[in-house]
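Predicted model and sequence follow; I will ask about them next.
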Amino acid sequence: MSRSPDSSTPAVETRGLRRSYPGPRGAPEVVALAGVDLRIERGEVFGLLGPNGAGKTTCIKILNTLLFPSGGEARVAGFDVVREANEVRRRIGLVSGGENSGYGILTVRECLWMFSQFYGVPSSVAWPRIDRLLEVTGLTPLARTRINRLSTGQRQKMNFARGFVSEPEVLFLDEPTLGMDVNAARMLREFVLSWVRERDGRTVLLTTHYMAEADQMCDRIAIVDRGRVLASDTPAALRRSVQGGQHVELEVREGGAAESGSIQAAVGVPVVWGAPHPERGTRTLKFRLPEGGVLGDALRALEEIGVAVQGISTRETSLEDAFIHIVGRALDDEGAE
Amino acid sequence: MAMTGTFARMRTAAWLGWQVESNWADPVIFFIYMIARPLAVSLTLAAMYAATRSTATEGAAFAGFYVANAFHAYVNTMVVGMGWAVFEEREEFETLKYVYVSPMGLVTYLAGRSFVRFVLGSISALLMLLVGWFALGVRWEWSGVQPVFLAITMVAGLGATLSAGFLLSGVAMVLTRSAMTVLEGTMLGLYLMCGVIFPVDLLPVWLRPLSYALPFTWWYECIRRFLLGRGSSAYMNTLSDAQLLGAMLAVCAAFAVLSWLVYRAMDRLARTLGRLDQTTMF
Amino acid sequence: MSRAFADDAALFLRAARARAFVRIVGSFREPNGLIADAVFPNLGMCAFVMMYRALGAPAYYEALAVIGGILTTYWVNVLWGMGAQFYWEKQAGQLQLYFAAPCSRMAILCGMAVGGLLASMLRSLVGVALAVFVFHVQLEPFSPWQLFAVFMATMAALYTLGMIMASLFLLYGREAWHTCNAFMEPAFFLSGLYFPIRTLGAFGAVAAAILPLTLGVDALRQVLLGARSPGLMSVRLEFLALCGFAVLYFFVARWSLRYLENLSKQEGRLTQRWQ
């Protein structure tokens, strides 16, 4: 029995959401979520941004009724995910990047139809919707191809389309563009945005590793790390929170004797290593000079400890800067769990 | 040096095989699983025999069927196990491609994994023979046993089993999810075609050449002859001991060569079809 | 009938139909699998028939082994197509999509059962063909309605038992796999698939009280072979017991699914692969 949704309730709301797993053989328990508070309004595209092991997928699993929380409360479309799981399921869709959904023996079109049936969509409604989704995802020529013959990217597109066949009120996209090429990912991002804008009250909760994706798509972003929400705001507001000062990127020669610690001490602010440039034998070093800081002083200090600077650039604050500022390390840092 | 390396890799594969077979299961369930299946087959045969004892005219043949069925455990565990390893590595763990491209290679890996299956097969066979001896009265005269011929029979038979394992592993490489059905089905096919629990003379005339081309038909007949002192096939009973053993060795050798050729052909076909990393998703 | 009930019923039927579709289409799109599936299992049955022939047993024993052999088709499907299917779904990452969908899990399992039942028909038809044309099994005159009723009751009991087994895979992985495996030959023995269950004496009666396969095969033999196959109980009683099993197992499966789903969500094992 489906109850009417109350449109005044938030699309997603969590209060003190906790989840822990028993540690292996007597080790202390592993805390995946340590009290997460979220409020996502209807019609929003909301991003969860955090390094590996931050608790994003655990949070998505709980909101999708696949996992019980250890404590706290979570509601989706106004329904409790533990006590009213069936009501929640009628209103949600889930796309997890990199997963293999469906049966290899079915064609793409049949597979999407099968999933529409699990949501009770009448076939007369499902088929035209599926054809439209195949068109959007560029899979129309492969509609009658068995899915075990699809490439990883094509399979991922089909998986993406699957999330929309039931026209969910709240759609969870867990790393949805993983494995897709740049063009396909851009096209699908645009589709998600138009899907939300064209339909009243549809909500998307997105987790992603791609800063640009989060920046482009999300109305608001929560930055999570070690099971906690460290900040939650619009991308612009998050960027503003670290404005002031100067973002500096130096290209320094690899193989210098200086350690990260001593470099940090010399510059006086946290530093982050960027990508290496093996062809030039250099590597990027990033830091933010606080307001009033003098770049020349920092360069001299680096020279004194033997860091050879090959190039200098300064730029605007990005979401990545905000992330580093809030979390204390970059998204792809090994230090992240 | 190269041999030491190969041995070390086989040991690793055997260790992994044991982990896969045993460690992930509750020990009690694994123990029951190990014992329940062979025991149930023994008891089924015994019940069939018991049901017909008062009316059957050839009851004495039962011991030969029972003993051959015990040794068929090797074929069941080793042959299916090796094919299953290919299937499982590809479809479930998605690691077949990594094993395939590793220096260890698939052949060494499968040989290593077959060792664990050999141990499990030995336990099954022994258990069935013990149940037969102590509970069902399936016994033999120790003085009538021909140890040298029996030892040669065992070595050749196990070699044929290993060859069949490679053959089916090759087939499993090419097939998709249906490999599972084909593996189980082949076992049942061998059960019928090799006359495990009946003399192959009962097969239709047109099927007998195929039966004689299979090494296990000869293996089981040799076991019956050299352990129990009495074979079951009227045709094979016309052969002397040496002739029977010679025929078995020839068929086993031919089968080993054929299996290896099929394995290599299937290996190439799997690469041509791109099956080594393809999951069926069904 | 309320609107909500009609909606729920429609959702159940749509989900069951979609899942059955996969099973049926899957069988026909892999011809090598279809042939292997239809032919190979019957070879085992042929071996047992041959053993009776080798022992010089009366032809009646061959007939009862053939009937048992045909029923193994369904038992194998229950074990691997129903019980272990959730294991594959979990490994493929598919299970979580079922559990995030609003349809009932029982709808998915019913779809799997119906699909599996239809897909197994071909295999059993090959068995029937072997019985008629190769082994020349002599049947007594029988009522087709009685045969249909007993067969359907047996299937209902077997497949609802399969649903209970499937629920185990929500929590367990390899252990449940081994359990399924361990149910193969022992069930053949305890059900007397290849010999008269009365051979087991009181032990056979106990088996019949546990395994619906035992009652099913016994009832079918009584219907098809008449007085040559004295049963454990009358066909009517065995039919009623099978119906009872089906109802009981259905509710146990429903409870078990709910209980184990909750437990696995608590322990975080519902979506855990490579257990």
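Thanks, I have the structure now.

use CA for all of it now, contacts and neighbours both
Noted.

Assumed A:Val204 was part of a strand.
Yes - per DSSP: H, G, I helix; E, B strand; the rest coil, A:Val204 lies within a strand segment.

what about it, how many neighbours?
30 (other Cα atoms under 10 Å in any protein chain shown).

Pretty sure A:Trp217 sits against A:Leu188.
Rather than Trp, residue A:217 is Met. No - with contact defined as Cα atoms under 8 Å, A:Met217 does not count as touching A:Leu188 (10.8 Å).

Residues contacting the helix or strand of chain A with the lowest mean pLDDT, please?
When the helices and strands of chain A are scored by mean pLDDT, DSSP states H and E, helix A:319-327 comes last with a mean of 79. Here helix A:319-327 makes contact (Cα atoms under 8 Å, 6 or more residues apart in numbering or on different chains) with A:211-212, A:215, A:223, A:225, A:230-231, A:235, A:238-239, A:241-242, A:329-331.

10 Å instead?
The contact list for helix A:319-327, computed with Cα atoms under 10 Å, 6 or more residues apart in numbering or on different chains, reads A:49-51, A:210-212, A:214-215, A:223-226, A:230-231, A:235-243, A:247, A:270-272, A:286-288, A:318, A:328-331, A:336.

How about stretch B:46-56?
Residues outside stretch B:46-56 that contact it (Cα under 10 Å, 6+ apart): B:40-41, B:43-45, B:58-60, B:62-63, B:66, B:132, B:135-136, B:138, C:48, C:51-58, C:61, C:65, C:189, C:192, C:194-200.

Can you tell me which of the residues you listed end up in strands?
Using DSSP state E, no member of these sits in strands.

all helices of chain C, in order?
Applying DSSP state H to chain C gives helices spanning C:3-29, C:31-55, C:59-76, C:85-91, C:95-99, C:105-129, C:144-171, C:174-182, C:184-190, C:202-210, C:212-225, C:235-267.

Same check on the stretch 51-200 of chain A?
Ranges of helices within the stretch 51-200 of chain A are A:56-63, A:85-89, A:108-118, A:123-137, A:152-162, A:182-198, based on DSSP state H, counting those that start in this stretch.

Now the fifth one: average pLDDT?
Going back to what we said before, that points to helix A:152-162. Summarised as a single mean, pLDDT over helix A:152-162 is 88.

export that helix as CSV, just CAs?
Extracted C-alpha coordinates of helix A:152-162, given in CSV (Å, rounded to 0.1, in the frame of the first residue of the first chain):
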residue,chain,number,x,y,z
THR,A,152,32.3,-1.4,-19.7
GLY,A,153,31.3,2.2,-20.6
GLN,A,154,28.2,1.0,-22.4
ARG,A,155,27.2,-1.2,-19.5
GLN,A,156,27.6,1.8,-17.3
LYS,A,157,25.4,3.8,-19.5
MET,A,158,22.7,1.1,-19.3
ASN,A,159,23.1,1.0,-15.6
PHE,A,160,22.6,4.8,-15.5
ALA,A,161,19.5,4.5,-17.7
ARG,A,162,18.1,1.9,-15.3
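
which strands and helices sit next to it?
Counting contacts by 3 or more Cα pairs under 10 Å, 6 or more residues apart in numbering or on different chains; DSSP states H and E, helix A:152-162 is packed against strand A:92-96, helix A:108-118, helix A:123-137, helix A:182-198.

pLDDT below threshold where in the chain?
Going with chain A. A:1-7, A:100, A:243-244, A:256-258, A:330-337 (pLDDT under 70).

Chain C was what I was after
C:1, C:32-33, C:171, C:173-176, C:270-275.

Equivalent analysis for chain B, please.
B:1-5, B:19-31, B:33, B:56-59, B:177, B:280-282.

how about the helices in it?
B:2-18, B:27-52, B:62-74, B:80-91, B:96-101, B:105-131, B:147-174, B:179-193, B:208-213, B:215-223, B:241-273.

and C:Gln138, which of those is closest to it?
Nearest of those to C:Gln138, taken as Cα to Cα: helix B:27-52 at 18.4 Å.

Show me how far that closest one is from its chain's centre.
Centroid separation for helix B:27-52 versus its chain: 18 Å, with Cα atoms, centre = their mean, to the nearest Å.

tell me which residues of that helix are tucked away?
For helix B:27-52, burial by neighbour count (16 or more other Cα atoms under 10 Å in any protein chain shown) applies to B:29-30, B:33-52.

Likewise for stretch B:263-281?
Going by neighbour count (16+ other Cα under 10 Å), the buried part of stretch B:263-281 is B:Tyr263, B:Met266, B:Asp267, B:Leu269, B:Ala270, B:Arg275, B:Leu276, B:Asp277, B:Gln278, B:Thr279, B:Thr280, B:Met281.

I am finished for the moment; much appreciated.
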